[in-house]
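attaching a predicted model along with its sequence, questions to come.
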Amino acid sequence: MNTEYYDDIVIGGGKAGKTLASALVAAGRKTALVERSLTMIGGGCINIACIPTKTMMASAEVAHTVRSSAVYGVKTNEFTVDLAAVIQRKRSVVLAAREMNLHNLEAALGKNLIIGTARFVDAKMIEVTTVEGNTRLLAAERLFINTGTQPLIPPVPGLKETGFFTSESIMELEQLPEHLILLGSGYIGLEFAQMFRRFGSRVTVIGQSEQILSPQDPDMAIALQTLLEREGIEFLLKATVLSVVRVGNATKLQIQIANRAIEIQGSHLLVAVGRAPTTNSLNLAAAGVVTDASGFIPVNDRLETNIPGIWALGDINGGSQYTHISLDDYRIVKANLIDGGNRSRLDRLVPSCLFIDPELAQVGLTETAAQQQGYPIRVVKLDASAIPRARTSGQTDGLLKAIVDSETGRILGCSLLCHAAGEVISTVQMIMQAKLPYTVLRDGVLTHPTMTEGLNLLFSKL
């Protein structure tokens, strides 16, 4: 078998991989990008995560608005949710994004965009089994791994035999579940919980932790859970699933909560307990690349693995699993290898957003983390109902919270549970990155009436 030689090989075309491959080509490097499937062109964000879920969440929000329209003085007749039409809309949005990415990658890479599954032969060579069934050997001085993650399936007795949905497969379900049982009370689970509740399903969330969203402060988690319970979502927390069985048209779960054993049954089961690294087919041992106990690839602050000449970018390196982190991983590698810079991921300020309604956005430290790290802090909170724009739009649910260093006046962290929180948090992040005091937001002239104006009100309470 002839070996094909490249300057660089990128394995996986997620946000970091596809952007890096194009940049390497533009820099004059002979580069190959290996992506396992045409249906994954553009990466997980476009095909199975951010874009499809937010498209479906938008449909759920419309359903909720129509259902609640009388509050705004608009009366509507009875309506129905056509889940098949929701799914078709999602498919069309995803297909448009995928085709745009395919066009861009083909323009940049041409025949060096290879569709197939890669496995390492050694630290400088991979073997690719193409979708046509052919085998190719590719070698390069530098290799970049960006293979992402896949749904994590817990070892619950009977689960695999029962039949269940993941966060990927449920987005192809065209008939509305009568009662959706959801394993997982984190970001993925809660988005689907509200989505299907608003579509009309009964929803029960089962979580192992004492609270939903365990990394969040308890007051924010409780505020969010209260809002979701008001919509009719049921929660069973501090729960251990002992077994799962399918009987007729029902899925039955045996659950342990403290000293109490209960049985719950529903029409459909969604497993959303996290994501596992897609490393099992890479044969990393042949390259000498080490993984941690969960299969993720540890990297240094410049995203280098333990093997010189091999980098790991995006979700696969065990960091925060956000598309904006994958993009910044690309920026770090590009700066260091193409632009002659010296960037790292040290002190990177990472925002996050749970895209339910209202959104929960967070940046920096929680109150708990700030206390654990020994900061002298002041904490300020504001009900979202105090914001004029929230009242005019009828979006008064939620809680705003900020943690400030009492000595320097700098904002250490901020959590916003309110309408448009994902947009508003960026303003806070910019102030934090500039290392400016909270008074900039307290005294700044912010447009009225907007949700961002709530930052005036929040920091005025200090």
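Structure received.

make it CA atoms for all contacts and neighbour counts henceforth
Fine.

Three-state assignment for residue 357, please.
coil (DSSP: H, G, I helix; E, B strand; the rest coil).

confidence score at it?
At residue 357, the model reports a pLDDT of 97.

list the contacts for the closest residue to it other than its chain neighbours?
Of all residues not flanking residue 357 in the chain, residue 419 sits nearest, at 7.0 Å (C-alpha to C-alpha, 6 or more residues apart in numbering). Contact analysis of residue 419 by C-alpha atoms under 8 Å, 6 or more residues apart in numbering lists 357-359, 390, 395-398, 451.

same thing but at 7 Å, please
Residues near residue 419 by C-alpha atoms under 7 Å, 6 or more residues apart in numbering: 357-359, 395.

can you pick out the most distant pair from those residues?
359 and 395 (10.9 Å; C-alpha to C-alpha).

which one among the contacts of residue 419 gets closest to residue 251?
residue 357 (28.6 Å).

what's the domain layout of this protein?
3-150+276-337, 159-273, 352-459 (automatic domain parsing).

which stretch among the ones you listed comes nearest residue 345?
Using C-alpha to C-alpha, the nearest of the domains of the chain to residue 345 is domain 3-150+276-337, at 5.3 Å.

which one of the contacts of residue 419 has the most neighbours?
Greatest neighbour count in the contacts of residue 419, by other C-alpha atoms under 10 Å, goes to residue 357: 25 neighbours.

pLDDT score assigned to the residue positioned nearest the centre of the chain?
Central residue of the chain (C-alpha atoms, centre = their mean): residue 322, 5.0 Å from the mean position. Note for residue 322: predicted pLDDT of 97.

for the closest residue to it other than its chain neighbours, which residues are in contact?
Nearest non-adjacent residue to residue 322, counting by C-alpha to C-alpha, 6+ apart: residue 315, 7.4 Å away. Residue 315 makes contacts with 148-149, 321, 326, as judged by C-alpha under 7 Å, 6+ apart.

drop anything exposed from those residues.
148-149, 321, 326 (16 or more other C-alpha atoms under 10 Å).

show me the residues you listed that map onto helices.
residue 326 (DSSP state H).

hmm, which two among the buried ones among the contacts of residue 315 are most spread apart?
Most distant of the buried ones among the contacts of residue 315, by C-alpha to C-alpha, are 149 and 326, 12.3 Å apart.

residues of the host helix or strand of residue 101 that come out buried?
Residue 101 is located in helix 83-109, with elements delineated by DSSP states H and E. The neighbour-count check on helix 83-109 (16+ other C-alpha under 10 Å) flags 83, 86-87, 89-91, 93-95, 97-98, 101-102, 105, 108-109 as buried.

next one: stretch 230-247
Result for stretch 230-247 [16+ other C-alpha under 10 Å]: buried residues 232-237, 239-246.

show me which of the residues you listed is closest to residue 378.
residue 237 (30.5 Å).

now that closest one. Nearest residue, chain neighbours left out?
Using C-alpha to C-alpha, 6+ apart, the nearest residue to residue 237 is residue 207, at 4.7 Å.

and the pLDDT for that neighbour?
98.

ok, it - contacts?
If you count contacts by C-alpha under 7 Å, 6+ apart, then residue 207 has 183-185, 236-239 around it.

could you single out the nearest of the residues you listed to residue 264?
Nearest to residue 264 among the contacts of residue 207, with distances taken as C-alpha to C-alpha, is residue 236, at 10.3 Å.

any idea how far residue 258 is from that closest one?
11 Å (C-alpha to C-alpha, to the nearest Å).

which stretches of the chain form helices?
15-26, 44-47, 50-67, 83-109, 159-162, 187-199, 218-230, 284-287, 323-337, 367-372, 388-393, 421-433, 439-443, 454-459.

can I get those in JSON lines including distance to residue 412?
Formatted as JSON lines, the helices of the chain follow (distance: least, C-alpha to C-alpha, whole Å):
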{"stretch": "helix 15-26", "distance to residue 412": "28"}
{"stretch": "helix 44-47", "distance to residue 412": "29"}
{"stretch": "helix 50-67", "distance to residue 412": "27"}
{"stretch": "helix 83-109", "distance to residue 412": "36"}
{"stretch": "helix 159-162", "distance to residue 412": "42"}
{"stretch": "helix 187-199", "distance to residue 412": "23"}
{"stretch": "helix 218-230", "distance to residue 412": "16"}
{"stretch": "helix 284-287", "distance to residue 412": "39"}
{"stretch": "helix 323-337", "distance to residue 412": "20"}
{"stretch": "helix 367-372", "distance to residue 412": "7"}
{"stretch": "helix 388-393", "distance to residue 412": "25"}
{"stretch": "helix 421-433", "distance to residue 412": "7"}
{"stretch": "helix 439-443", "distance to residue 412": "13"}
{"stretch": "helix 454-459", "distance to residue 412": "13"}
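
so what's the nearest residue to residue 165 once chain neighbours are set aside bridging to?
Leaving aside its chain neighbours, residue 165 sits nearest to residue 270 (4.6 Å; criterion: C-alpha to C-alpha, 6+ apart). With DSSP bridges as the criterion, residue 270 is bridged to residue 165, residue 182.

try residue 33
Beta-bridge partners of residue 33, as defined by DSSP bridges: residue 10, residue 113.

that's all I had, so thanks and see you.
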